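Student: Sequence first, predicted coordinates after that:
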Amino acid sequence: MDVKEAIHQRRAYRSLGPVSITKEMIRDLAESAGLFCSCFNKQPWRYVFVHDAEILTRMHDALSPGNEWAKAASMIVAVFSKPELDCIIKDRNYYLFDTGMATAALILRATELGLVAHPIAGYSPKKIREILNIPGKMEVITLVIVGKHSATTDPILSEKQIEAEKKRPKRLAFENFAYLNSYKGNEAQTDPV
């Protein structure tokens, strides 16, 4: 599978089946993230790969309503960093950008391995830090929910979530996010699709 195919195959499925998590798989995903570019090669990303059933169960209490489907995950990857780990140039902090790029590489590699790697924003960062012993100065940026895509739709999903399982949600048209030579957007047009 090439990069473009992985991008097209990647989906944020919520109906998950179990998958065996191995140390080799974790190392593979971590190395894919670790090879990505960052400002002055500072590599600000930090990950906790959680596949222990007891710890996963504890993490379920940190999930926000609507993310109950993530309880079927075989692994949850906590993604975190802090500004001081990366470039701070005047008022520009690069840690979120660089960590996001590395995490995209991890997600694409997971896709290539036949996995679902679904990043979420619905969780309590405070609870995640406590459960995983992440220092308070670190920002928990996202959780990546990992499993196999299940052909059976999870009954816990809402109607909107079920629809997203069946068909990829609409994407912005090229003309609505890409500009040539100068920004000519309409700020009032926030949802053109």
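Tutor: Here it is on my side, so go on. Source: prediction; values computed, not measured.

Student: Tyr123 and Phe36, how far apart?
Tutor: 24 Å (C-beta to C-beta, to the nearest Å). For glycine as for every other residue, the C-beta is placed from the backbone atoms N, C-alpha and C.

Student: Which residue is the nearest non-sequential neighbour of Cys37?
Tutor: Met101 (6.7 Å; C-beta to C-beta, 6 or more residues apart in numbering).

Student: and if you look at Ala117?
Tutor: Per C-beta to C-beta, 6+ apart, closest to Ala117 is Ala110, 3.6 Å.

Student: Tell me if I'm right that the one you found and Val146 touch.
Tutor: Yes. Using C-beta atoms under 8 Å, Ala110 is in contact with Val146, at 6.3 Å.

Student: Common neighbours of these two, please.
Tutor: Val116, Ala117 (C-beta atoms under 8 Å, 6 or more residues apart in numbering).

Student: Look at the residue nearest to Ala117 and report its pLDDT.
Tutor: Looking at Ala110, its pLDDT stands at 97.

Student: quick one: secondary structure of it?
Tutor: For Ala110, the assignment made with DSSP: H, G, I helix; E, B strand; the rest coil gives helix.

Student: Likewise for Thr142?
Tutor: Quick answer, by three-state DSSP: Thr142 is strand.

Student: coming back round to it: how about residues contacting the helix or strand containing the residue nearest to Cys37?
Tutor: Here Met101 sits within helix 95-112, counting by DSSP states H and E. The contact list for helix 95-112, computed with C-beta under 8 Å, 6+ apart, reads 1, 3, 6-7, 9-10, 28-30, 32-39, 42-45, 47, 77, 79-83, 85-86, 116-117, 119, 141-142, 144, 146.

Student: Just the C-alphas of that helix, formatted as PDB.
Tutor: Coordinates of each C-alpha in helix 95-112 appear next as PDB, following Å, rounded to 0.1, in the frame of the first residue of the first chain:
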ATOM      1  CA  TYR A  95       4.700  21.300  19.500                       C
ATOM      2  CA  LEU A  96       1.000  20.800  18.500                       C
ATOM      3  CA  PHE A  97       1.800  20.900  14.800                       C
ATOM      4  CA  ASP A  98       4.800  18.600  15.000                       C
ATOM      5  CA  THR A  99       3.100  16.100  17.300                       C
ATOM      6  CA  GLY A 100       0.100  16.200  15.000                       C
ATOM      7  CA  MET A 101       2.200  15.400  12.000                       C
ATOM      8  CA  ALA A 102       3.900  12.500  13.800                       C
ATOM      9  CA  THR A 103       0.600  11.200  14.900                       C
ATOM     10  CA  ALA A 104      -0.700  11.300  11.300                       C
ATOM     11  CA  ALA A 105       2.200   9.100  10.400                       C
ATOM     12  CA  LEU A 106       1.300   6.600  13.200                       C
ATOM     13  CA  ILE A 107      -2.300   6.600  12.000                       C
ATOM     14  CA  LEU A 108      -1.400   6.000   8.400                       C
ATOM     15  CA  ARG A 109       0.900   3.100   9.400                       C
ATOM     16  CA  ALA A 110      -1.900   1.600  11.400                       C
ATOM     17  CA  THR A 111      -4.100   1.900   8.400                       C
ATOM     18  CA  GLU A 112      -1.500   0.100   6.300                       C
END
